[in-house]
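In: Mind folding the following:
(one chain, ligands or ions: 2)
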Amino acid sequence: MLIKKPRDIASSEITPREAFRGRRRFLAAAGLGAAAAAAGIATRRAAAIAPDAPHPGGLPALPARKKAELSTLEALTPYKDVTTYNNFYEFGTSKRDPAEYAGRLRTRPWTVVVEGEALKPRSFGIEDLLKLAPMEERIYRHRCVEAWSMVVPWIGYPLSSLLRAVQPTGKAKYVEFVTLLDPAQMPGQSNPVLQWPYREGLRMDEAMHPLTLLTFGLYGEVLPNQDGAPLRMVIPWKYGFKGAKSIVRIRLVEQQPVTSWMRAVPDWYGFYSNVNPHVSPQNWSQATERRIGQGGAFGGLFAPRVPTQMFNGYGDQVARLYAGMDLSKYF
Ligand SMILES: Nc1nc2c(c(=O)[nH]1)N[C@H]1C(S)=C(S)[C@@H](COP(=O)(O)O)O[C@H]1N2
Ligand SMILES: [Mo]
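Out: Ligands and ions are numbered 1, 2, ... in the order given. Got it, this is the predicted structure:
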């Protein structure tokens, strides 16, 4: 996510440190374009093998049945990229910060309060949540508003399973997700870049959609802290920031919630935030994306640019939710 306009930021700030240094070295040596392309091809082959690697992060296994019909067949982004190129501003604003600092987050014990417009509001311990519904592996495209993307084998179950358990009332029109607030564990919360705790939200029909995943793991294991342990949201047709991490509160509400990013930069980040190559309220384009992990070295600087698809390619499943809405107004 960006707040300052890109042109106000020195390139050393917006480029991962190594990429910046690497690029200067790289550009100093002329005629290496072909080598970079070859490196990209090699990485793509490696990515195709990676899915079978057991326990890539050495974290506890999270068994799940594969959900082939809801999964993309595209090459997985290597585990290393999924866990070292992150946005999790509670641990810092650079892509490397979450992997470096999220280790201090204590994910046990962990309680999630599900409250608001529900007949049976209650709190759930993480162990109860892990048993609430069968775990499924869903390989989804994951698109950040910063115009990069990944392909991640998430593990979780539909959020609808949890919401049904508390019996939403007829007044429940939206769902709000709230991340942990604890500056002692989350050093980035001393930076007022966002109003803490991080908040996100969905309309009720979006929250109940079968693609909307309450997510506990990836690559066959529990989530690494930097990816939002012990549980986060994944909504594959929306920009990545809709997927709140390390959730402690889920509220069923009547009014549309104000999300952290809407509050910070209302012109750029709307409530819906559906992936849309035709609407770029930010002052950079959403028409294409860089596929992380396929561009060899330098932090994916040379990753191939591919066209972004409407609803991130999930239009067949979700376009009907927005029938009749002006998507340039409700961005
Ligand atoms: N609590 C919290 N959740 C968050 C964020 C954050 O800063 N804090 N960043 C969001 C953004 S901008 C993206 S793109 C995704 C990144 O998820 P990943 O690091 O697992 O790829 O997390 C989202 N969820
Ligand atoms: Mo993002």
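In: Would you pull up how far stretch 57-71 lies from the middle of the chain?
Out: Centroid separation for stretch 57-71 versus its chain: 17 Å, with Cα atoms, centre = their mean, to the nearest Å.
In: That stretch: which residues count as buried?
Out: 57, 59, 62, 64, 67, 70-71 (16 or more other Cβ atoms under 10 Å). No exception for glycine: its C-beta is placed from N, CA and C like everyone else's.
In: wait, does that stretch make contact with ligand 1?
Out: No. On the criterion Cβ under 6 Å from any ligand atom, stretch 57-71 is out of touch with ligand 1, staying 12.9 Å away.
In: How about the contacts made by Thr179?
Out: Contact analysis of Thr179 by Cβ atoms under 8 Å, 6 or more residues apart in numbering lists 90, 197-199, 244-248.
In: ugh, typo on my part, it should be His142
Out: By Cβ under 8 Å, 6+ apart, the neighbours of His142 are 77, 149-152, 234, 236, 240.
In: what does Pro224 give?
Out: 57, 59, 83, 99, 102, 218 are the contacts of Pro224 under Cβ under 8 Å, 6+ apart.
In: change it to 6 Å
Out: By Cβ atoms under 6 Å, 6 or more residues apart in numbering, the contact list for Pro224 reads 57, 83.
In: hang on, the earlier thing: closest one of the contacts of His142 to Tyr174?
Out: For the contacts of His142, the residue nearest Tyr174 by Cβ to Cβ is Val234; the value is 18.2 Å.
In: about what we covered before: now narrow the contacts of Thr179 to whatever sits close to ligand 1.
Out: Filtering those for proximity to ligand 1 by Cβ under 6 Å from any ligand atom leaves 90, 198, 244-246.
In: Which pair in these has the greatest spatial separation?
Out: Between any two of the ones next to ligand 1 among the contacts of Thr179, the greatest separation by Cβ to Cβ is 10.8 Å, found for Glu90 and Ala244.
In: Strands of the stretch 51-200 of the chain, residue ranges please.
Out: Applying DSSP state E, counting those that start in this stretch to the stretch 51-200 of the chain gives strands spanning 65-66, 111-116, 122-125, 136-143, 148-158, 174-179, 199-203.
In: Save the ones you listed as JSON lines, and put in mean pLDDT and distance to Gly313 too.
Out: Shown next, in JSON lines, are the strands of the stretch 51-200 of the chain (pLDDT from 0 to 100; distance: least, Cβ to Cβ, whole Å):
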{"stretch": "strand 65-66", "mean pLDDT": "97", "distance to Gly313": "19"}
{"stretch": "strand 111-116", "mean pLDDT": "99", "distance to Gly313": "30"}
{"stretch": "strand 122-125", "mean pLDDT": "98", "distance to Gly313": "32"}
{"stretch": "strand 136-143", "mean pLDDT": "98", "distance to Gly313": "6"}
{"stretch": "strand 148-158", "mean pLDDT": "98", "distance to Gly313": "10"}
{"stretch": "strand 174-179", "mean pLDDT": "99", "distance to Gly313": "23"}
{"stretch": "strand 199-203", "mean pLDDT": "99", "distance to Gly313": "19"}
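In: Which residues of the protein lie near ligand 1?
Out: For the chain, the residues in contact with ligand 1 (Cβ under 6 Å from any ligand atom) are 1, 86-90, 142, 144, 179, 198, 227-228, 240-241, 243-246.
In: I'd like to know how far the spatially closest residue to Ala207 that is not a sequence neighbour sits from Leu162.
Out: Spatial nearest neighbour of Ala207, chain neighbours left out: Val175 (4.3 Å); criterion: Cβ to Cβ, 6 or more residues apart in numbering. The gap separating Val175 from Leu162 is 10 Å, by Cβ to Cβ, to the nearest Å.
In: Comparing those two, which residue is more hemmed in?
Out: Each of Val175 and Leu162 has its neighbours counted (other Cβ atoms under 10 Å); Val175 has more, 26 against 19.
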